[in-house]
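Student: Can you look at this prediction? I've put the sequence above it.
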Amino acid sequence: EIVLTQSPATLSLSPGERATFSCRASQSIAIYLAWYQQKPGQTPRLLIYDTFKRATGISARFSGSGSGTDFTLTISSLEPEDSAVYYCQHRQNWPWTFGQGTKVEVK
Amino acid sequence: QITLKESGPTLVKPTQTLTLTCTFSGFSLTSDVVVGWVRQPPGKAPEWLAFIYGNDDKRYSPSLRNRLTITKDSSKKEVVLTMNNMDPVETATYYCVHRTTDTSFDCWGQGTLVTVSS
């Protein structure tokens, strides 16, 4: 089973700042990594899949990069509504697994 | 517009079998469409459980495959998950999810909280 490790656990930034956080895989997952945003009390929402492809309706402020074992999600200019937990998830092989999440606080 | 809605019991006793139904609309279960289940314990990360493809191919989480069964009824637009021998640690929100064969989980149901307790 591939383990995904996200860092940092928590990120606290101000509106307008750039947020960058990481997902590291225990073995190569090529480009098969997705990112989800989950706001309190809400369902996860797909932001990025296959490392860099934005899902339908997702703002260009969100971008993904990486390959192999190291991946990054960047939010270019934070807005208060970006406060959420962000999860990475791979689809390289079975079972698909998720990282433990990075909590982003924008205030 | 794709929608998915979960239904089933909110409370099950330990050792009982959980049966959840996902009723979907806005798409058909064709060969490149997949419906599955993901659960999320309170305050924790999601966990993928199972998929079923339009051609009836199935995938299960290896750690749970002996306890899970996923089936579909394309005419009713339903996917059913059964999980036997439930344990209190499996208290979680259970989500029905949609994907195509070249994406991850692009649509999620609202989720249903299942509590396992005597």
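Tutor: Cool, got the structure.
Student: where does residue 84 fall, phi/psi-wise?
Tutor: I went with chain A, as the question did not name one. Backbone geometry at residue A:84, expressed as degrees, to the nearest 10, gives phi -180, psi 170.
Student: how close does the closest residue to residue B:100 other than its chain neighbours get to chain A?
Tutor: The shortest distance from residue B:100 to any residue other than its chain neighbours is 5.4 Å, reached at residue B:32 (Cβ to Cβ, 6 or more residues apart in numbering or on different chains). Quick note: C-beta positions are derived from backbone N, CA and C, even for glycine. Applying Cβ to the nearest Cβ, to the nearest Å, the value for residue B:32 to chain A is 14 Å.
Student: number of nearby residues for residue 25?
Tutor: Using chain A. Residues within reach of residue A:25, counting by other Cβ atoms under 10 Å in any protein chain shown, total 23.
Student: wrong one, I was asking about chain B
Tutor: Here the count is done by other Cβ under 10 Å, and residue B:25 has 11 residues near it.
Student: In contact with the residue of chain B found nearest chain A, which residues?
Tutor: Of all residues in chain B, residue B:104 sits closest to chain A, with a separation of 3.8 Å (Cβ to the nearest Cβ). When contacts are counted by Cβ atoms under 8 Å, 6 or more residues apart in numbering or on different chains, residue B:104 is found next to A:34, A:46, A:49, A:89, A:91, A:96.
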